[in-house]
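Undergrad: sequence first, then the predicted structure:
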Amino acid sequence: LISSATKSLRMETEILEKKLQDAQMKLAEKDGDKEKEIQSLKRLISELEFQLTMEKSNNESFLDKLRKEIKHKSDELEKLTQEKTQLIHSLSQVQEENSLLQDTVRRECEERFELTAALGRAREQVLELRRLSGTLP
């Protein structure tokens, strides 16, 4: 009976040891798979961090470029605004000068008209005097 019980217990122990070994092998496989997955995820994280760093660098570079372009355009706009102001001032001066010249021309034309009229009257008087002096002895 003892021998049979011992034999039964040994067989049960062997079966349990085999199950334990199988369980340990499965656990080792799962640990290996998890380690592989962890390494894969670490590589993926590294790649994504690198991509993120590159994107940040590209964005900063692009932003710097845009800032420089905006500064350049702003300076150009300021220069053009100054030129416009100067041209408006020059135009105003030219318009004043033009107005002054038009007034001068108008006055001179009026004087010329008056002188022409006076000359015409003087000619008539001279002709009248000649006519009168021609009739006088």
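TA: Arrived safely, thanks for sending.

Undergrad: ok, residue 118 to residue 130 distance?
TA: Per C-beta to C-beta, to the nearest Å, residue 118 is found 19 Å from residue 130. (Glycine included, C-beta is placed from N, CA and C.)

Undergrad: and the pLDDT for residue 136?
TA: Residue 136 is assigned 61 on the pLDDT scale.

Undergrad: residue 131 now?
TA: Value listed for residue 131 in the pLDDT field: 88.

Undergrad: next one: it from residue 117, what distance?
TA: Residue 131 sits 21 Å away from residue 117, going by C-beta to C-beta.

Undergrad: where does pLDDT dip in the protein?
TA: Within the chain, the set of residues satisfying pLDDT under 70 comprises 136-137.

Undergrad: any idea which residue is closest to the centre of it?
TA: With distances taken as C-alpha atoms, centre = their mean, residue 70 lies nearest the centre of the chain, 4.9 Å away.

Undergrad: can you tell me how far that residue is from residue 64?
TA: Residue 70 is 11 Å from residue 64, where distance means C-beta to C-beta.

Undergrad: how about the helices in the protein?
TA: In the chain, the helices defined using DSSP state H lie at 2-135.

Undergrad: buried residues, stretch 94-104. List them.
TA: Along stretch 94-104, not one residue counts as buried under the neighbour rule (16 or more other C-beta atoms under 10 Å).

Undergrad: over to stretch 19-27?
TA: Counting neighbours by 16+ other C-beta under 10 Å, stretch 19-27 gives no buried residue.

Undergrad: run the chain-centre distance for it.
TA: When C-alpha coordinates are averaged (C-alpha atoms, centre = their mean, to the nearest Å), stretch 19-27 and its chain have centres 67 Å apart.
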